[in-house]
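Engineer: My questions are about this predicted structure, shown below with the sequence.
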Amino acid sequence: MAQPPILSWEGLGLQQGGRWLLGGPDRAPIDLHIGPRDRLALIGRNGAGKTTLFRLIDNRIEADLGTRKIKPGTRIVFLEQEPDFTGYATLMDFALGGEHPPATHEVEAIAGQLGIDMATPSATASGGEKRRAAIARALAQDPDLLLMDEPTNHLDLSAIDWLEDWLTRYRGAFVVISHDRTFLKRLTSATLWLDRGTIRRKEVGFGGYEAWEEQVYAEEARNAERLDAKLKIEAHWLERGVTARRKRNQGRLEKLWQMRAARAAMISSSGTAKLKLASDEEFKSKSVIVAEKVGKSFDGRAVIKDFSLRIQRGDRIGIVGANGAGKTTLLKLLTGEMAPDTGSVTIAKTLSGVMIDQQRSLMEPERTVRQVLAEGGDWIDVRGVRKHVQGYLKDFLFDPKIVDTKVGALSGGERSRLLLAREFARTANLLVLDEPTNDLDLETLDLLQEVIADFDGTVLIVSHDRDFLDRTVTITLGLDGSGKVDVVAGGYEDWEKKRREPGASKPKAVSTASKQAAPPPPPPPRADKLSYKDQRDYELLPARIEELEAAIAKGEAILSDPDLYTSDPQKFATISKGIENARAEKDAAEERWLELAERVEG
């Protein structure tokens with residue numbers, strides 16, 4: 001580090017709930033140093049202790065071990081994920097509160113650039129308005145060290161652009177927790193990785209984090225080969241839970257490019273869906289939602305004007321635009337929750353949906369994880385396949401031991417992940433996701449992308465997460481605030497390209513300095529030449545893996561009968577052996593498919 005640190009923790013250790021959350025006697029001591037110009041991404045799974053580490057840095061809680069040192073005069077400001085507005089009548093009252101109140105004119109200047117009315121009552125302010133007020137309060141204090149916990153939550157795309165531009169010019173240090181990959185890649189130059197109670201640091205921004213993470217896990221897996229079987233299994237799961245999932249997602253991305261290309265051929269320059277690849281009747285038969293010349297106004301202002309689109313079975317639709325541009329209105333029109341003023345929306349009678357909203361309001365804190373997922377039992381029906389609740393928890397990156405933990409004891413991100421686990425188990429052919437990435441860690445985002453890619457129905461997504469949309473959707477509906485809806489085959493970056501075309505309408509949003517465009521998504525990977533047998537395996541193994549998973553679940557369901565062992569021990573032994581063989585074949589099939597997928601990816 002070129003300059004002395006402005007803040008250090010040496011030998012840090014913290015207990016929580018009777019266990020060591022950070023550091024501890026059985027782990028290597030945690031030493032943390034933050035320099036005056038550091039741009040640090042803080043990465044870690046939900047529940048790993050990221051927000052707790054921020055509170056330690058800000059001296060809000062005391063550690064059990066270690067020494068905190070800070071350069072005299074250093075001002076630390078903590079932009080919390082969910083700031084408390086209790087006791088503040090207006091957003092301005094909140095912005096001028098706190099231990100070190102900023103100057104009024106500084107708050108007003110930042111609020112003006114963010115496009116927020118600070119006279120808005122706190123009690124009626126939206127999540128986006130509260131987030132902007134919290135940003136204005138934090139930035140106006142001119143901190144030497146800025147701690148940001150999910151700063152882009154509830155912000156629209158224009159506000160995120162403004163914040164990125166401000167942080168690019170900021171002369172102090174910052175540490176940021178965020179699920180927004182694009183935000184992290186653009187701004188960070190070093191990474192702190194909080195993993196299983198230890199902190200690793202690497203002088204590489206988030207763009208190099210995933211390669212570093214895979215390298216560490218691969219080394220751990222190699223070391224575990226010299227240890228006992230239990231550790232081998234744990235290392236195998238760690239590696240497969242991260243690197244293998246990403247490799248599988250490369251194959252899914254290839255499929256996504258193909259779907260986008262097919263959809264682009266059906267979308268005219270005017271933005272309405274039309275047929276080029278199949279007969280008109282065949283195209284119509286696959287349509288699940290048909291919007292024709294739809295219009296909607298509020299208080300005389302047109303929010304949606306002359307919008308037409310045929311949404312087909314299997315489409316993944318992303319909806320983007322500034323706050324107030326009409327994203328939620330469009331979503332409600334497409335799902336039938338709201339009737340249009342003009343035009344029509346026709347929804348297939350066979351369409352049954354599951355909506356995962358951004359409020360996470362149904363997660364009652366006194367219920368246990370088992371009660372949320374399986375109504376207190378041991379088994380859960382996952383889209384027609386019976387699975388043991390603890391095995392299903394592992395699918396969503398939970399430690400199965402939390403099955404009887406109360407929801408209120410989980411972190412915000414863990415509660416969001418539990419909600420996803422519950423909703424994705426339900427049988428449906430329409431999935432509606434309203435800001436699904438809020439509160440999720442990066443590994444859960446990878447998992448969410450995987451589940452959406454494998455979902456065989458139609459998906460509607462409202463999101464400001466640019467990277468998530470680029471990895472997930474086949475069509476983007478972009479709203480510019482004028483009532484016009486752009487229909488673009490592809491993700492967020494494809495919509496951005498359309499907006500940059502000469503003569504394209506610009507969104508009504510806060511002003512922001514011009515920024516370097518994110519790199520376009522890569523072209524579909526070109527496959528290496530495979531032998532006939534390799535090609536057959538590549539095509540057929542995914543279906544075989546699904547068959548084996550179903551067979552394992554069926555066998556486990558039979559073994560759940562507590563009387564089976566005593567009434568028919570031979571049957572019990574036969575089924576147990578069959579499950580063991582199926583698991584071994586499934587593991588081998590996955591390894592074989594991953595090997596072929598790597599060759600296909602080139």
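Structural biologist: Yep, that arrived.
Engineer: pLDDT on stretch 424-432, on average?
Structural biologist: For stretch 424-432, mean pLDDT is 84.
Engineer: how distant is it from the center of its chain?
Structural biologist: Offset of stretch 424-432 from its chain centre (Cα atoms, centre = their mean, to the nearest Å): 18 Å.
Engineer: buried sites along that stretch?
Structural biologist: In terms of neighbour count (16 or more other Cβ atoms under 10 Å), stretch 424-432 has its buried residues at Phe424, Ala425, Ala428, Asn429, Leu430, Leu431, Val432. The C-beta positions use only the backbone N, C-alpha and C, and glycine is treated the same way.
Engineer: which ones among those residues are found in helices?
Structural biologist: In this view, the buried residues of stretch 424-432 that belong to helices under DSSP state H are Phe424.
Engineer: In strands, which of the buried residues of stretch 424-432 appear?
Structural biologist: Those of those mapping onto strands are Leu430, Leu431, Val432, per DSSP state E.
Engineer: Can you lay out those as JSON lines showing distance to Ile70?
Structural biologist: JSON lines is the format used below for these (distance: Cβ to Cβ, whole Å):
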{"residue": "Leu430", "distance to Ile70": "52"}
{"residue": "Leu431", "distance to Ile70": "47"}
{"residue": "Val432", "distance to Ile70": "47"}
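Engineer: Return the closest of these with respect to Ser297.
Structural biologist: If you rank these by distance to Ser297 using Cβ to Cβ, Val432 comes first, at 23.4 Å.
Engineer: where does the stretch 501-602 of the chain have low pLDDT?
Structural biologist: The stretch 501-602 of the chain contains residues with pLDDT under 70 at 502-529, 562, 594, 597-602.
Engineer: Let me fix that, I meant to ask about the chain.
Structural biologist: Scanning the chain for pLDDT under 70 picks out 1-2, 221-253, 266-285, 354, 356-363, 439, 502-529, 562, 594, 597-602.
Engineer: per the record, what domains does it have?
Structural biologist: For the chain, the domain assignment from automatic domain parsing gives the residue ranges 7-217, 262-352+429-500, 526-602.
Engineer: who wins for proximity to Ile380 among these?
Structural biologist: Each of the domains of the chain has some distance to Ile380 by Cβ to Cβ; the shortest is domain 526-602, at 10.3 Å.
Engineer: Look up phi and psi at the residue lying closest to Ala173 once chain neighbours are set aside.
Structural biologist: The shortest distance from Ala173 to any non-neighbouring residue, by Cβ to Cβ, 6 or more residues apart in numbering, is to Asp38 (4.4 Å). When quoted as degrees, to the nearest 10, the phi and psi of Asp38 stand at phi -60, psi 140.
Engineer: count of neighbours near Asp38?
Structural biologist: 23 (other Cβ atoms under 10 Å).
Engineer: my guess is it contacts Phe174, does it?
Structural biologist: Yes. At 7.4 Å, Asp38 counts as touching Phe174 under the criterion of Cβ atoms under 8 Å.
Engineer: just the strands in the stretch 201-350 of the chain please.
Structural biologist: 287-298, 301-312, 316-321, 342-347 (DSSP state E, counting those that start in this stretch).
Engineer: does Gln194 have beta-bridge partners, and which?
Structural biologist: Rather than Gln, residue 194 is Leu. Counting by DSSP bridges, Leu194 is bridged to Ile199.
Engineer: Would you mind measuring from it to Leu14?
Structural biologist: Leu194 sits at a distance of 12 Å from Leu14 (criterion: Cβ to Cβ, to the nearest Å).
Engineer: Can you tell me which of the domains of the chain is nearest to Glu414?
Structural biologist: Closest approach to Glu414 among the domains of the chain (Cβ to Cβ): domain 7-217, 4.8 Å.
Engineer: any idea how far Val389 is from Asp395?
Structural biologist: Separation of Asp395 from Val389 (Cβ to Cβ): 11 Å.
Engineer: More neighbours: which of these two?
Structural biologist: Val389 (20 against 14).
Engineer: I figured that one was touching Glu375, is that so?
Structural biologist: No. Using Cβ under 8 Å, Val389 is not in contact with Glu375; the gap is 9.9 Å.
Engineer: one step back: who are the neighbours in contact with the residue nearest to Ala173?
Structural biologist: Ala173, Phe174, Val175, Ser189, Ala190 (Cβ atoms under 8 Å, 6 or more residues apart in numbering).
Engineer: Which residues does the first one form beta bridges with?
Structural biologist: Spelled out, that is Ala173. Leu145.
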